[in-house]
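Chemist: Fold the following.
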Amino acid sequence: MRDVFEKNGLFDKAFAVLGLALSLLLLDLGLAQYRNGGSVGWAVTAVVMVLASCYEISRRFRPRP
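Modeler: Below is the predicted model of the structure:
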């Protein structure tokens, strides 16, 4: 149970995946706003957040030597 709270433990990985899920939700909402005549800024911000979340997940799940 101790390694759950260590650096790159279970909680760190779970929060990285949760961040990706939330940024994908924001992307969906941003694209819906853009299709309905809203600002493209929401969609662009969401794309940046998805890319940052993907980078964070790749860092968290990459095996360390």
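Chemist: And the helices in this structure?
Modeler: Taking DSSP state H as the test, the helices found in the chain are 10-35, 41-61.
Chemist: Can you add mean pLDDT and give those back as CSV?
Modeler: Formatted as CSV, the helices of the chain follow (pLDDT from 0 to 100):
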stretch, mean pLDDT
helix 10-35, 93
helix 41-61, 93
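Chemist: okay, these in CSV with mean neighbour count next?
Modeler: For glycine as for every other residue, the C-beta is placed from the backbone atoms N, C-alpha and C. Output for these, formatted as CSV (neighbours: other Cβ atoms under 10 Å):
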stretch, mean neighbour count
helix 10-35, 15
helix 41-61, 15
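Chemist: my guess is Ser39 contacts Thr45, does it?
Modeler: No: contact criterion Cβ atoms under 8 Å: Ser39 and Thr45 do not qualify, at 9.7 Å.
Chemist: which residue is nearest the centroid of this structure?
Modeler: Leu20 (2.3 Å; Cα atoms, centre = their mean).
Chemist: For Gly41, see how far away that one is.
Modeler: Distance of Leu20 to Gly41, given as Cβ to Cβ, to the nearest Å: 21 Å.
Chemist: Leu51 too?
Modeler: Taking Cβ to Cβ, one finds Leu51 at 16 Å from Gly41.
Chemist: Please apply the same query to Met49.
Modeler: Met49 is 12 Å from Gly41, by Cβ to Cβ.
Chemist: Common neighbours of those two, please.
Modeler: Residues touching both Met49 and Gly41 (Cβ atoms under 8 Å, 6 or more residues apart in numbering): none.
Chemist: Just confirm Phe61 contacts Leu10, I think it does.
Modeler: No: using Cβ under 8 Å, Phe61 is not in contact with Leu10; the gap is 11.8 Å.
Chemist: so what's Ile57 up against?
Modeler: Taking Cβ under 8 Å, 6+ apart, one finds 16-17, 20 in contact with Ile57.
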